[in-house]
Structure formats: structure tokens, C-alpha cells
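Asks: the following block contains a protein sequence and its predicted model.
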Amino acid sequence: MHDRAVRALLTAFALLAVTRLAHAAPVPPAPSTVAPAATAPPSPAGAALAPETGNPSDLPARPPARPTGLGDVPIETAAPVRRGAFVHDGLFARASVGPGLFQASSGHSPDTRTFSGGTVSFDAAVGGSPVRGFIMGAEWQTNRVFSLSSTDAVIDGDEPDLSGVSFSVSSIALFVDFYPDPTDGLHFLGAVGVGWLDVNHSNSGDTPSPTGPLLSLGVGYEWFVGPEISLGLLARGNLGLFSVNETGSSTSTGVTAFVPVLLATATYN
């Protein structure tokens, strides 16, 4: 009886040991029906990638490289200047009026004469814009002199008698007017033309009028009060280089006139 018990106990220990060994042994994986993906061989340590060229023969193809330094910042292009309303382009017309000064000199040294007075100036101009902000055209202007006075460097009996005498400086000219910003009011004016100094005597016949070139330069600013209408101010200087043959004389007398004015302007453009 004792031997049977010992044999039964040894048999139980043997079965327990076999069971533990079966659980501890690894189970081999089931064979896969999917082929493993090919992997690229690792690149050498520290190797740099080839530059992006956009060459389709590259495998895989890569997009073109960005210019150095641009990063992701988009390249902006300047917006075109608009046309039409509130822009200085197209048909141009301007009317101006304002006060000014008249300064003139004539004669030969040492017997020279000077004339001075105030003026009321009128101006009318028409033209057009070959390009936005740049105006070309023709203008007419006249500067009526009042409170005329004169001085003579040498008192020798030939001093001018200004009783009943009136002066005016007029011209017909070609002009250009430039607006650096076609949507703004700042502008610069230049003109060249033919001018004359009208000398009228109320108690005598006609007097020859000095004539010659007249040059104008000006700068002004305008404010749009409508899509095509602007009002502004214009400071302008006129320089007339005139000459005249005195009655009964073949000698030419030069007259230099300078007329600075400040004009109020109304412009259609």
C-alpha cells in the first residue's frame, strides 16, 4: 500500500513538469500571405539630401527648390494705379484767378526805369493726359496791373508820365503739369510761350507793345470735391523778356517783367 502511494505521487509530479514545459515553449508565428515592403537602405550618417530640382526622372520626383532666403513669404506685386474717378487723367480744363505783383525794368544803365504795381490775374487752360498724372496743353493768361508807379535812375527830363496809362501782361503758351501721385493733389507747372506788355494811353493813340518770350513755373495743391472736379491753390511766377522799338526810333528797348501770383484754381480732370 505504501509503494502504491509513492508511485502515484511521482506520476503526478511528472505530469505537472511536462505541462509547465509545454506552456513555456514559444509558438512559431503563422506564415503571412503579404510580402514584406521593401525598405530603402539607410543613408550614411551625415549625408545631405540632393537639392530639389523638379527633374521628373528623379525617383521619387521632387518639386523645384525655393530661391534661397525667400522661405514661405509670398512675392507681392505693386497694385496698378486706378483710372477714372478721383484720378488725374483724361480731359483737362482749368480756370484760375488771383492777386499778384508786377515788377518791370527797361532802359540802359545808368538811365534805367522801374515799374511796379499790383495785379489781378486770370488764366484758362485746356489739355489732356498722355499718361496718368502728366498733363499737356495750351493756356492763355492775362495780368491786369493797377496802382502803377515808376522810378527813373537819372532825372533828366525823360521820366515817364503815367497819367492815363495802364499796363497788362498777357501770353499764349504751351504748358505741362505733373502730378507725382495721380490720385493726390500736389502738382508742378511749367509753361513757355509768347507774351506781350499792353501799354494803353487813355489820352493818346496806340503805343507799340513790347513782345517776347514768357516763361512760367508754379507749384500747387488741389483737393477733389467730386469724381472729376478739384479746387486748389497755385503759386506761379511769370518772367517776360520783351523788347520794343520806340516810336520814331530804330533802337530796340528791352523790358524785363516779373509777375508772381497766387491763384485759386478750379480743375476738371
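Replies: The structure has been received and is ready for your questions. Everything numeric in this text was worked out from a predicted model, so none of it was measured.

Asks: run through the helices of the stretch 151-269 of the chain in chain order.
Replies: Counting by DSSP state H, counting those that start in this stretch, the stretch 151-269 of the chain has no helices at all.

Asks: low-scoring stretches of it, by residue?
Replies: Scanning the stretch 151-269 of the chain for pLDDT under 70 picks out 153-160, 203-206, 246-250.

Asks: which residue ranges of it form strands?
Replies: Here the stretch 151-269 of the chain has its strands, by DSSP state E, counting those that start in this stretch, at 165-178, 187-201, 211-224, 229-245, 252-268.

Asks: against which helices or strands is the first one packed?
Replies: Contact partners of strand 165-178 among helices and strands, from 3 or more C-beta pairs under 8 Å, 6 or more residues apart in numbering; DSSP states H and E: strand 91-108, strand 111-131, strand 134-152, strand 187-201, strand 211-224, strand 229-245. (Each C-beta comes from the backbone N, C-alpha and C, glycine too.)

Asks: and that strand with strand 211-224, angle?
Replies: Inter-element angle recorded for strand 165-178 and strand 211-224: 60 degrees (by axes from the mean of the first three to the mean of the last three C-alpha atoms, to 10 degrees).

Asks: now strand 165-178: buried residues?
Replies: 165, 167-171, 173, 175, 177 (16 or more other C-beta atoms under 10 Å).

Asks: ok, stretch 125-136 next?
Replies: Residues of stretch 125-136 classed as buried: 125, 127, 129, 132-135 (neighbour count, 16+ other C-beta under 10 Å).

Asks: state the mean pLDDT of that stretch.
Replies: The average pLDDT within stretch 125-136 is 96.

Asks: and if you look at stretch 100-107?
Replies: 91.

Asks: numbering from 4 from now on, please.
Replies: Yes, from this point I'll number from 4; that puts the last item at stretch 103-110.

Asks: same list (the helices and strands packed on strand 168-181) but as TSV, adding distance to Thr256.
Replies: Below are the helices and strands packed on strand 168-181 laid out as TSV (distance: least, C-beta to C-beta, whole Å):
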stretch	distance to Thr256
strand 94-111	6
strand 114-134	10
strand 137-155	14
strand 190-204	11
strand 214-227	12
strand 232-248	6
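
Asks: on that earlier part again, and of the buried residues of strand 168-181, the nearest to His204?
Replies: Among the buried residues of strand 168-181, Val168 lies closest to His204 (C-beta to C-beta), at 5.7 Å.

Asks: which ones are touching that closest one?
Replies: Applying C-beta atoms under 8 Å, 6 or more residues apart in numbering, one finds that Val168 lies in contact with 151, 202-205.

Asks: can you put those residues in JSON lines and add distance to Gly257?
Replies: What follows is the contacts of Val168, written out as JSON lines (distance: C-beta to C-beta, whole Å):
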{"residue": "Leu151", "distance to Gly257": "19"}
{"residue": "Val202", "distance to Gly257": "15"}
{"residue": "Asn203", "distance to Gly257": "21"}
{"residue": "His204", "distance to Gly257": "21"}
{"residue": "Ser205", "distance to Gly257": "26"}
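
Asks: the helices and strands packed on strand 168-181: which one's closest to Ala267?
Replies: Nearest of the helices and strands packed on strand 168-181 to Ala267, taken as C-beta to C-beta: strand 94-111 at 5.4 Å.

Asks: quick one: Pro213 and Gly196, what's the gap?
Replies: 15 Å (C-beta to C-beta, to the nearest Å).

Asks: who's more crowded, the two?
Replies: Using other C-beta atoms under 10 Å as the criterion, Pro213 and Gly196 rank with Pro213 on top: 25 against 18.

Asks: what count of nearby residues applies to the spatially closest residue to that one that is not a sequence neighbour?
Replies: Closest residue to Pro213 apart from its sequence neighbours, by C-beta to C-beta, 6 or more residues apart in numbering: Phe245 at 3.5 Å. The number of residues packed near Phe245 is 21, by other C-beta under 10 Å.
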